[in-house]
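>>> Sequence first, predicted coordinates after that:
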Amino acid sequence: MYDVLVVGTGPAGYTAALYAARYKLDTMMIGEMPGGLISEAPDVCNFPSRKSISGMELANKMEEQVKELGVEVIYDKVEDIKGNDDDFTINALREEYKTKKVILATGQDRRRLGLDRESKLTGRGVSYCATCDAAFYNEKTVGVVGGGDAALASALLLVEYADKVYILYRKDSFFRPEPIRVEEVEQNDNIETIFNVNVDELLGEEKLTGVKLNNGETLELDGLFIEIGSIPNNVLAKNLGVKIVDNGYINTDEYRRTNIPGIYAAGDIIDSPLKQAITAAGQGAEAAASAYEDIQRQRVKDE
Ligand SMILES: Cc1cc2nc3c(=O)[nH]c(=O)nc-3n(C[C@H](O)[C@H](O)[C@H](O)COP(=O)(O)OP(=O)(O)OC[C@H]3O[C@@H](n4cnc5c(N)ncnc54)[C@H](O)[C@@H]3O)c2cc1C
């Protein structure tokens, strides 16, 4: 029986495990693969202490640190979690585990366009995160695919760096945008919106050089930001009866407790506005602190 089992090996999960281990809790992590989403980032320039570090290296360092503290890290997929406060059974593909508390740090997946070489060009011109990568496009030309509020926000951030930003959207008007953002986009001479288009092809072999649109046009671009939404990895939470908000993300209180006693959540999977490694890490620490507090309270009761 572990004290804490963390599902997810991304920044939220590693930090939750780091704090839990330093609280002297018997801690285990299960994740489908090392690093989580951050391992896809070629260059992380907004995580304190390093001017620049590859996402993979950052994730490796996080893993090394928790392992040194005695955390067991297993790579497997968790299929199901059953039980209640202080007694949960975790069914992973290869093994079953028992734990008192569970921290869900299962993150989200970015929606992809599904085009040829999209994965190969990710980090080589194709990006899913303007907050992370805008600064690499100083005085360049970039495109943003999408027409929701996130796409407009990305375009407005990108235009702080890039000389020219195209918004490429398949419909004839933006989808539920904040009115103020539409105004800002329309008033900015360096942002051009092209409605009723799809990106049909990514151009460039080693690095993105442009896109081919379904209207036959070709746009030369240095970067393409894909902002067509994300899919929260919420299946485990849903099956447990954890409260999920309308957008599919987990509702927690400020201490990262969910509505189910003994289940905590942190990182990109929770309903919070800024989805970044540093915020995920902070929420992971909060979740571990709450698990510790609840375990301590139970220990005192039992004595
Ligand atoms: C290309 C790219 C670049 C980025 N660049 C930056 C950047 O420069 N700076 C920054 O701060 N942020 C960046 N981000 C965002 C950052 O990666 C995320 O905000 C961060 O990884 C969220 O951490 P997390 O631990 O909540 O989730 P994740 O990192 O997504 O980790 C979730 C983990 O849970 C696992 N998991 C899910 N379901 C299960 C299951 N059933 N069983 C087992 N494991 C499961 C997943 O496989 C994954 O390993 C970038 C994202 C991308 C895609």
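That came through fine. Since we're looking at a predicted model, the values are computed, not measured. Numbers count the residues shown, from 1 in each chain.
>>> which phi and psi does residue 174 have?
Main-chain dihedrals, residue 174, degrees, to the nearest 10: phi -70, psi 150.
>>> Could you report the neighbour count for the closest residue to it other than its chain neighbours?
Using C-beta to C-beta, 6 or more residues apart in numbering and skipping residues adjacent in sequence, the residue nearest residue 174 is residue 147, 4.7 Å away. For the C-beta atoms, the positions are set from N, CA and C on the backbone; glycine is no exception. By other C-beta atoms under 10 Å, 23 other residues sit near residue 147.
>>> Kindly provide the distance from residue 147 to residue 181.
Using C-beta to C-beta, to the nearest Å, residue 147 is found at 11 Å from residue 181.
>>> Would you pull up the residue in the stretch 101-250 of the chain closest to the ligand?
residue 107 (2.4 Å; C-beta to the nearest ligand atom).
>>> Which residues are in contact with that residue?
Taking C-beta atoms under 8 Å, 6 or more residues apart in numbering as the contact definition, residue 107 lies against 8, 10, 12, 36, 37, 232, 233, 267, 268, 269, 280.
>>> where does it land on pLDDT?
Residue 107 is assigned 97 on the pLDDT scale.
>>> Skip the chain neighbours and tell me the closest residue to it.
residue 268 is the one closest to residue 107 (C-beta to C-beta, 6+ apart), at 4.4 Å.
>>> same deal with residue 214?
Residue 214 sits nearest to residue 198 (C-beta to C-beta, 6+ apart), 4.4 Å away.
>>> Pop out the phi and psi values for that neighbour.
phi -120, psi 150.
>>> and it, what does it touch?
170, 213, 214.
>>> and stretch 126-144, is it in reach of the ligand?
Yes: interface with the ligand: stretch 126-144 contributes 128, 129, 132 (C-beta under 6 Å from any ligand atom).
>>> could you pick out which of the contacts of residue 107 are near the ligand?
8, 10, 12, 36, 37, 233, 267, 268, 280.
>>> Show the contacting residues for the closest residue to the third one other than its chain neighbours.
So that's residue 12. Spatial nearest neighbour of residue 12, chain neighbours left out: residue 267 (2.7 Å); criterion: C-beta to C-beta, 6+ apart. Residue 267 is in contact with 8, 10, 11, 12, 13, 105, 106, 107, 279, 280, 283, 284, counting by C-beta under 8 Å, 6+ apart.
>>> distance of the last one from residue 18?
Meaning residue 284. According to C-beta to C-beta, residue 284 stands 8 Å off from residue 18.
>>> Comparing these two, which shows the higher neighbour count?
Per other C-beta under 10 Å, whichever of residue 284 and residue 18 has more neighbours is residue 284, with 30 against 22.
>>> Which pLDDT does the model give that one?
For residue 284, pLDDT reads 98.
>>> Dihedrals phi and psi, it?
When read as degrees, to the nearest 10, the backbone of residue 284 gives phi -60, psi -40.
>>> That one is in contact with residue 19, isn't it?
Yes: under the criterion of C-beta atoms under 8 Å, residue 284 makes contact with residue 19 at 7.1 Å.
>>> do you know how far the residue lying closest to residue 275 once chain neighbours are set aside is from residue 36?
Spatial nearest neighbour of residue 275, chain neighbours left out: residue 268 (4.7 Å); criterion: C-beta to C-beta, 6+ apart. Distance of residue 268 to residue 36, given as C-beta to C-beta: 8 Å.
>>> quick revisit: is it true that the residue nearest to residue 107 lies in a strand?
No: under DSSP: H, G, I helix; E, B strand; the rest coil, residue 268 falls outside any strand and is assigned helix.
>>> what number of residues lie near it?
What residue 268 shows, counting by other C-beta under 10 Å, is a neighbour count of 28.
>>> Point out the residues in the stretch 201-303 of the chain that sit beside the ligand.
So the stretch 201-303 of the chain meets the ligand at 233, 236, 267, 268, 275, 276, 277, 278, 280 (C-beta under 6 Å from any ligand atom).
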